[in-house]
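Visitor: Just the structure for this:
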Amino acid sequence: MKLTKLLAAGVFTVVLGALSAPAPAQASEAGPTPPSVNWSFSGPFGKFDPQQLQRGFKVYREVCAACHSLKYVAFRNLAEPGGPLFTEGQVKALAAEYKVQDGPNDAGEMFERPGRPADHWPSPFPNDNAAAAANGGKAPPDLSLMAKARTYERGFPTFVFDMFTQFAEQGPDYIHALLTGYVEKPKDFNLPAGGTYNKYFPGHVIAMPKPINDGQVDYKGPDGKPQAPETVDQYAKDVSAFLMWTAEPKMEARKALGFRAIIFLVLLAGLTYFAKKRIWKKLPDPV
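Guide: The predicted model follows:
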């Protein structure tokens, strides 16, 4: 009884604190909250859609890869379970299209060779200084973990439900909103030189111009028809899902392991309870 009262008091304290806490400063600076997208990988049983990951990879390769690196992703990862599920032959052919620096050779010199599946995705720039010099003084960030690095406040009571639904899609929601947030600036907004207005970027001024437009990436399949809408909204969804996979490539395996662990713990709790009842059933109840 005392334990129940303590738990109730603790929950009441947490709820009261959440209700009385001021809104985070970041939320007011960031502007509108990114809209939630219905992702296939959301929830404790969600999985990646391999077709969407393949389309997202195509968007990254044809648009994002010109400026942004993907240094934690190897070519071979594209063929691993739980990912885009490219074939080994496709991965080998893809890797061979790129030149990778290797060495030193017997003469002590570095050299270039065709890429191999074990190689990591090549950076568009030789180093950070070169990247910064080509982009107005600031190097574009690596996108490997971007879907986990970016988040936003969801507020009360949403975050309470998030604990039960295992919501972890703030990153892809934010990336999707950012890519679709290039709109006309308000008339009274002071936009500095070299900046671009974005509805969802913190402060609304982003150095990256609008990167993609409708019809820019070809989604045509073997039949010559688009396999998905060739719109900015669809491009943003697909590349956001792909970046979620690059940030957590073992997500499906983690969820499967967690589900098996929960089943084991439930069975163990049941066995422990019945063992306790059998061992202690002959003893009188405490007064």
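Visitor: Spatially, what comes nearest to G215 if we skip its sequence neighbours?
Guide: Distances taken as C-beta to C-beta, 6 or more residues apart in numbering place E230 nearest to G215, at 5.1 Å, with adjacent residues excluded. C-beta here means a position set from N, CA and C on the backbone, and glycine is covered the same way.
Visitor: Remind me which helix or strand the one you found belongs to.
Guide: Using DSSP states H and E, E230 maps to neither a helix nor a strand.
Visitor: What separation is there between it and V73?
Guide: 25 Å (C-beta to C-beta, to the nearest Å).
Visitor: Please enumerate the strands of the protein.
Guide: For the chain, applying DSSP state E gives strands covering 99-102, 111-114, 196-197, 205-206.
Visitor: hmm, back to that, so between E230 and V73, which is more surrounded?
Guide: V73 (22 against 16; other C-beta atoms under 10 Å).
Visitor: Which pLDDT value belongs to the more buried one?
Guide: On pLDDT, V73 comes in at 97.
Visitor: and if you look at A9?
Guide: So A9 comes in at 45 (pLDDT).
Visitor: Make residue 1 into 28 and carry on from there
Guide: OK, 28 is where the count begins now, so the last one is A36.
Visitor: What does K277 show for phi and psi?
Guide: phi -100, psi 20 (degrees, to the nearest 10).
Visitor: OK, contacts around it?
Guide: G109 (C-beta atoms under 8 Å, 6 or more residues apart in numbering).
Visitor: ok, so what distance separates the nearest residue to A93 once chain neighbours are set aside from G230?
Guide: Closest residue to A93 apart from its sequence neighbours, by C-beta to C-beta, 6+ apart: P151 at 6.0 Å. P151 sits 26 Å away from G230, going by C-beta to C-beta.
Visitor: Show me which of these two is the more surrounded one.
Guide: Comparing P151 with G230 by neighbour count (other C-beta under 10 Å), the higher total belongs to P151, at 16 against 10.
Visitor: doesn't R88 make contact with the more buried one?
Guide: No. In this structure P151 lies outside contact range of R88 using C-beta atoms under 8 Å: 11.2 Å.
Visitor: For the stretch 178-314 of the chain, which segments are assigned as helices?
Guide: Here the stretch 178-314 of the chain has its helices, by DSSP state H, counting those that start in this stretch, at 185-192, 197-207, 259-274, 278-307.
Visitor: Make TSV out of those helices and add distance to K74, mean neighbour count and mean pLDDT.
Guide: Shown next, in TSV, are these (distance: least, C-beta to C-beta, whole Å; neighbours: other C-beta atoms under 10 Å; pLDDT from 0 to 100):
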stretch	distance to K74	mean neighbour count	mean pLDDT
helix 185-192	16	11	74
helix 197-207	14	23	96
helix 259-274	11	24	98
helix 278-307	5	11	92
